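[1] here is a sequence together with a model predicted from it:
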Amino acid sequence: MPRTFTQIPLTRPNTPLLDSINRPADLRRLPAAQLGPLADELREYLLYAVGQAGGHFGAGLGVVELTIALHYLYNTPDDRLVWDVGHQCYPHKILTGRREGLLNIRQQDGLSGFPKRSESEYDTFGVGHSSTSISAALGMALGAEMAGSDRRAVAIIGDGAMTAGQAFEALSHAAHTRSNLLVVLNDNNMSISHNVGGLANYFARVWASKSYIALREGGKKVLSAMPAAWDFVRRTEESMKNMVSPDMLFESIGFNYIGPIDGHNIEELVRTLRNMQHLEGPQLLHVYTTKGKGFAQAELDPVGYHAINKIEPKPKVQVAVPAKPKSPKYQEIFGRWLCDMAARDPRLVGITPAMCEGSGMVEFSQRFADRYHDVAICEQHAVTLAAGLACEKQKPVVAIYSTFLQRGYDQLIHDVALQDLDVTFALDRAGLVGEDGATHGGVFDLAYLRTVPNMVIAAPSDENECRQLLYSAYQHNGPAAVRYPRGTGPGVATEETMTALPLGQSRTLQTGKDVAILAFGALTPAAQEAGKALNATVIDMRWVKPLDRDAIMAAAAQHRLLVTVEDHQLMGGAGSAVNELLLQEGVQIPVLNLALPDHFIHHGKRDALLAQAGLDSASIERRIRERLDSQASLREAP
Ligand SMILES: Cc1ncc(C[n+]2csc(CCOP(=O)(O)OP(=O)(O)O)c2C)c(N)n1
Ligand SMILES: CC(=O)[C@@H](O)[C@H](O)COP(=O)(O)O
Ligand SMILES: [Mg+2]
């Protein structure tokens with residue numbers, strides 16, 4: 001039985017067995033009887049390391065035994081393990097030579113919080129977004145077949161990730177190719193929030209069906225190579241399964257379904273996986289686990305312990321510091337606006353694809369339960385569902401992380417914008433997100449949204465602007481997006497009243513000379529600071545689409561240099577939009593576009609990453625001065 005911990009160790013625990021494993025080959029030399037004690041040590045080390053570094057917590061604790069069993073039985077890295085989402089990969093990283101590196105996970109230059117091909121040969125596929133593992137593992141299985149290799153491919157996917165369409169697309173195709181692919185369904189009955197929907201209910205019923213479990217336990221675990229005496233048991237089992245088991249689902253698709261088994265019973269895991277290892281064709285092993293397993297509070301509160309912050313050491317000397325009122329995060333500004341708006345407008349419907357807490361929708365989900373839809377990890381469905389609601393004159397608000405809306409892009413164009421439907425997109429985590437890194441960067445949305453006819457896009461510069469622009473976008477009768485960043489803003493108090501700000505109208509924050517800074521969104525305070533030092537004009541543009549044409553033309557006429565500032569890729573972003581406008585208008589003026597460069601920005605602290613990209617106030621000021629200097633020297637040149 002795995003041990004249960006009640007405290008996160010703050011000093012390095014003694015883990016002699018774990019320390020002897022520097023690669024999975026070391027693990028494979030252990031006698032099976034040592035795997036249980038190893039799981040205890042691994043779990044304790046995991047608690048310690050995540051306490052030191054912060055990061056995803058509950059999911060990793062839930063797959064300690066599964067990770068050990070898979071690396072024990074499969075010849076990794078030659079055999080391919082593909083982790084879905086990847087937030088549960090910390091035990092995998094510990095066993096694959098990155099034990100000490102875990103202390104710096106998600107920190108700049110430290111390990112990535114997700115599997116990453118450039119980090120280790122054991123990380124067979126880069127992830128972060130969910131529900132890709134079966135497709136990728138199937139591709140690997142087919143690739144092995146083509147190369148005449150007998151290497152195996154295993155996808156490990158959670159019940160949350162299994163709700164997405166792509167997972168089913170891949171299952172269906174795997175059934176067609178009959179490839180040697182193992183899908184391990186790690187079912188803990190949790191997404192980040194409680195997993196919702198028919199599939200989740202189905203899995204829960206299976207696990208609850210003790211009679212089926214008892215029958216299966218009394219019988220044979222793997223249905224292959226079955227002696228004749230098992231025929232009767234098998235027939236009985238088949239009929240039981242038809243009542244309660246998901247093999248109705250998976251077997252009718254074309255998978256050989258085994259399970260559910262207890263994913264914390266390492267002996268049973270090893271036995272079952274070993275039996276399945278050489279079965280031909282697509283296999284699905286259903287494993288039942290507990291999110292947060294082994295840490296009492298996380299087991300009780302898996303939502304709260306999905307991820308944790310680093311545990312800060314207590315200062316030796318306590319200094320009395322006057323408490324500073326905590327600024328709300330943008331997600332809270334959104335959540336409050338959503339409740340206020342819903343109280344006013346009975347047509348408002350709030351939709352989240354499995355990100356209730358992160359999107360600040362907990363209060364809304366409780367107060368307006370009949371108008372709240374957590375659709376599970378189904379971004380595409382979320383967008384088209386909203387389109388359908390809008391057809392019926394309801395007012396859907398899709399709260400979605402910028403990075404995850406990438407999944408719903410065709411739906412946004414084809415189902416929403418093309419029909420000019422009245423859907424509001426609250427795009428959270430726009431810009432760099434920090435510790436989650438490149439997989440989660442919300443740095444493409446302006447490029448992919450502003451090319452779409454009928455879309456309007458707002459980029460608020462502070463908390464009150466966010467509230468007012470959400471209101472304005474909601475009032476707009478058509479598709480509208482409001483993008484705002486992860487975390488807190490500059491601390492501007494929000495006005496209770498909501499005022500619709502005119503579409504495509506900016507506000508001038510200060511008037512200066514020579515330089516006009518056109519700031520889009522969250523970097524406006526940094527731009528303003530730079531603008532003060534430079535005595536520049538600073539305009540909070542508010543809208544990326546439509547642009548405030550008149551303000552830009554006036555700024556171009558009155559200054560020597562236009563500067564655009566945004567936390568988005570340079571290509572296709574707001575600065576590009578300004579360039580296009582100037583070109584179309586035939587205006588010739590030097591322009592400096594300050595935005596993110598054309599490479600992926602990996603994990604680290606958001607502020608530090610922005611500074612490195614030259615987008616903090618000091619860098620903005622320096623880059624503008626450099627441009628002014630080079631313009632001056634150009635003018636002086638003979
Ligand atoms: C496309 C996409 N949408 C949303 C998310 C955010 N997300 C990360 S983990 C997670 C829950 C996954 O649940 P499950 O697969 O069951 O794993 P568990 O955390 O339960 O181990 C969600 C919604 C994501 N990573 N990718
Ligand atoms: C793995 C994943 O996709 C989520 O857990 C994500 O890390 C949440 O990000 P936030 O912390 O910004 O809500
Ligand atoms: Mg789950």
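    Received the coordinates, thanks. Ligands and ions are numbered 1, 2, ... in the order given.
[2] could you look up the SS state of whatever residue of the stretch 251-400 of the chain ends up closest to ligand 2?
    Going by CB to the nearest ligand atom, ligand 2 is nearest to residue 358 of the stretch 251-400 of the chain, at 3.4 Å. C-beta here means a position set from N, CA and C on the backbone, and glycine is covered the same way. Judged by DSSP: H, G, I helix; E, B strand; the rest coil, the three-state class of residue 358 is coil.
[3] with adjacent residues omitted, what lies nearest to it?
    Excluding its sequence neighbours, the residue lying closest to residue 358 (CB to CB, 6 or more residues apart in numbering) is residue 331, at 6.5 Å.
[4] what's the burial count for that neighbour?
    For residue 331, the count of nearby residues is 24 (other CB atoms under 10 Å).
[5] once you drop chain neighbours, what's closest to the residue of the stretch 501-638 of the chain found nearest ligand 3?
    Distances between the stretch 501-638 of the chain and ligand 3 by CB to the ion are smallest at residue 603, namely 23.1 Å. Spatially, and ignoring its direct neighbours in sequence, residue 603 is nearest to residue 437 (3.4 Å; CB to CB, 6+ apart).
[6] ramachandran angles for residue 181?
    Torsion angles at residue 181 (phi, psi; degrees, to the nearest 10) stand at phi -130, psi 130.
[7] mind listing the residues bridging to it?
    Beta bridges link residue 181 to residue 153, judged by DSSP bridges.
[8] my guess is it contacts residue 173. True?
    No: in this structure residue 181 lies outside contact range of residue 173 using CB atoms under 8 Å: 10.1 Å.
[9] any idea how far ligand 3 is from residue 480?
    Residue 480 sits 33 Å away from ligand 3 when distances are taken as CB to the ion, to the nearest Å.
[10] what helix or strand does the closest residue in space to that residue that isn't next to it in sequence sit in?
    Leaving aside its sequence neighbours, residue 480 sits nearest to residue 473 (CB to CB, 6+ apart; 3.7 Å). Here residue 473, judged by DSSP states H and E, is contained in helix 463-475.
[11] CA atoms of that helix as PDB?
    Extracted in PDB, the C-alpha atoms of helix 463-475 (Å, rounded to 0.1, in the frame of the first residue of the first chain):
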ATOM      1  CA  GLU A 463      -8.500  46.300 -14.800                       C
ATOM      2  CA  ASN A 464     -11.100  48.900 -15.300                       C
ATOM      3  CA  GLU A 465     -10.500  49.000 -19.000                       C
ATOM      4  CA  CYS A 466     -11.000  45.300 -19.000                       C
ATOM      5  CA  ARG A 467     -14.300  45.500 -17.300                       C
ATOM      6  CA  GLN A 468     -15.500  48.300 -19.600                       C
ATOM      7  CA  LEU A 469     -14.200  46.700 -22.800                       C
ATOM      8  CA  LEU A 470     -15.800  43.400 -21.800                       C
ATOM      9  CA  TYR A 471     -19.000  45.300 -21.500                       C
ATOM     10  CA  SER A 472     -18.400  47.000 -24.800                       C
ATOM     11  CA  ALA A 473     -17.700  43.800 -26.600                       C
ATOM     12  CA  TYR A 474     -20.800  42.200 -25.100                       C
ATOM     13  CA  GLN A 475     -22.900  45.100 -26.300                       C
END
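[12] that older thread, and the residue of the stretch 501-638 of the chain closest to ligand 3, how many residues sit next to it?
    Close neighbours of residue 603, defined as other CB under 10 Å, add up to 27.
[13] and what about it, helix, strand or coil?
    coil.
[14] and the protein, what are its domain boundaries?
    By the assignment in the TED database, the chain contains the domains 16-228+242-308, 330-483, 507-636.
[15] tell me the most buried of the ones you listed?
    domain 330-483 (a mean of 22; mean count of other CB atoms under 10 Å).
[16] going by mean pLDDT, which of the domains of the chain comes out lowest?
    Comparing mean pLDDT across those, the weakest is domain 16-228+242-308, with a mean of 92.
[17] who's in contact with the residue in the stretch 451-600 of the chain positioned nearest to ligand 1?
    The nearest approach of the stretch 451-600 of the chain to ligand 1 comes at residue 486, 13.3 Å away (CB to the nearest ligand atom). Taking CB atoms under 8 Å, 6 or more residues apart in numbering, we find residue 486 in contact with 329, 330, 428, 429, 431, 433, 434, 442, 606.
[18] recalculate using a threshold of 6 Å.
    Residues in contact with residue 486 (CB atoms under 6 Å, 6 or more residues apart in numbering) are 429, 433.
[19] what does the pLDDT read for it?
    So, for residue 486, pLDDT stands at 98.
[20] ramachandran angles for it?
    phi -70, psi 140.
[21] could you measure from it over to residue 463?
    Residue 486 is 14 Å from residue 463, where distance means CB to CB, to the nearest Å.
[22] ok, now residue 402?
    The value you get for residue 402 to residue 463, if CB to CB is used, is 18 Å.
[23] report the beta-bridge partners for the residue in the chain that ligand 3 sits nearest to.
    Of all residues in the chain, residue 158 sits closest to ligand 3, at 3.7 Å by CB to the ion. Residues in a beta bridge with residue 158, per DSSP bridges, are residue 186.
[24] likewise for residue 540?
    residue 507, residue 519.
[25] wait, what's in contact with it?
    Applying CB under 6 Å, 6+ apart, the residues near residue 540 are 461, 507, 509, 519, 524.
[26] go with 7 Å
    Applying CB atoms under 7 Å, 6 or more residues apart in numbering to residue 540 gives the contacts 461, 506, 507, 509, 519, 524.
[27] kindly report the residues of the chain close to ligand 1.
    For the chain, the residues in contact with ligand 1 (CB under 6 Å from any ligand atom) are 59, 62, 85, 87-88, 129-130, 158-161, 188, 190-192, 291, 354, 377, 379, 404, 407.
[28] so which of those sit within helices?
    The members of these that map onto helices under DSSP state H are 59, 62, 379, 404.
[29] can you pull the contacts of the second one?
    This points to residue 62. Residue 62 makes contacts with 88, 188, 289, 290, 291, 292, 293, as judged by CB under 7 Å, 6+ apart.
[30] how close does the fifth one sit to residue 192?
    In this view, residue 291 and residue 192 are 10 Å apart by CB to CB.
[31] same deal with residue 348?
    Separation of residue 348 from residue 192 (CB to CB): 23 Å.
[32] quickly check: stretch 158-166 near ligand 2 or not.
    No: Stretch 158-166 lies out of reach of ligand 2 by CB under 6 Å from any ligand atom, never closer than 10.1 Å.
[33] how about the contacts made by the residue of the stretch 301-450 of the chain found nearest ligand 1?
    Closest to ligand 1 within the stretch 301-450 of the chain is residue 354: 3.8 Å, counting by CB to the nearest ligand atom. Going by CB under 7 Å, 6+ apart, residue 354 touches 160, 191, 192, 193, 374, 376, 377.
[34] in strands, which of these fall?
    Among the contacts of residue 354, the members falling in strands (DSSP state E) are residue 374.
[35] still on that earlier bit, list the contacts for the residue of the chain closest to ligand 3?
    84, 85, 186, 188.
[36] nearest to ligand 2, of these?
    residue 85 (5.4 Å).
[37] the residue lying closest to residue 196 once chain neighbours are set aside pairs with what?
    Using CB to CB, 6+ apart and skipping the chain neighbours, the partner closest in space to residue 196 is residue 374 (5.1 Å). Counting by DSSP bridges, residue 374 forms beta bridges with residue 352.
[38] now do the contacts for residue 374.
    So, once contact is read as CB under 7 Å, 6+ apart, residue 374 ends up touching 193, 196, 352, 354, 356.
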